[in-house]
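[1] A predicted structure for the sequence below; I have some questions about it.
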Amino acid sequence: MGDLKPTAELHLRMVGHAADWTMLLHGEPPSEDLLASWMQEGMVAKLLVAEQGSNEPYTLLVNFALVISARVSTPLGGRGVRF
């Protein structure tokens, strides 16, 4: 699993926070429609992410009830989970 390259960046804006939370996703990234449904339904989703400087992904649970905006983009090198 350590050879996986990030497939996308996910940018989340959480309730009460002025800055986006950005993470590198591994595997199939969620579509805009899927993100929208998670937000509308207030779901908790399991995402496969990796931290900056690490190629070892791990599972992160995200409560989409607390997300007010989300976007998926092409990954930019050298970055990982940021708060």
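    Good, I have the coordinates. This one's a predicted model, so the numbers in the text were calculated from it and none came from an experiment.
[2] Show me what the worst-scoring helix or strand of the chain on mean pLDDT is packed against.
    One helix or strand of the chain scores below all others by mean pLDDT, DSSP states H and E: strand 20-25, with a mean of 90. With contacts defined as 3 or more CB pairs under 8 Å, 6 or more residues apart in numbering; DSSP states H and E, the packing partners of strand 20-25 are strand 8-14, strand 44-50. (Glycine included, C-beta is placed from N, CA and C.)
[3] Tabulate those in TSV, adding columns for distance to residue 37 and mean neighbour count.
    Putting the helices and strands packed on strand 20-25 into TSV (distance: least, CB to CB, whole Å; neighbours: other CB atoms under 10 Å) gives the following:
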stretch	distance to residue 37	mean neighbour count
strand 8-14	15	19
strand 44-50	10	16
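[4] among those, which is nearest residue 67?
    Residue 67 sits nearest to strand 8-14 of all these, at 5.2 Å, using CB to CB.
[5] Just the C-alphas of the closest one, formatted as CSV.
    What follows is strand 8-14 as a C-alpha-only set of coordinates in CSV (Å, rounded to 0.1, in the frame of the first residue of the first chain):
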residue,chain,number,x,y,z
ALA,A,8,-6.9,14.0,-5.5
GLU,A,9,-6.9,16.8,-3.0
LEU,A,10,-10.0,17.3,-0.9
HIS,A,11,-10.6,20.8,0.5
LEU,A,12,-13.2,21.0,3.3
ARG,A,13,-14.5,24.1,5.1
MET,A,14,-15.8,23.2,8.5
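[6] any low-confidence regions in this structure?
    The model of the chain has pLDDT under 70 over residues 1-3, 52, 55, 76-83.
[7] in it, which residue is closest to the centre?
    Nearest residue to the geometric centre of the chain (CA atoms, centre = their mean): residue 10, 3.8 Å.
[8] thinking it is in contact with residue 47, fair?
    Yes. Assessed by CB atoms under 8 Å, residue 10 is found in contact with residue 47 at 7.1 Å.
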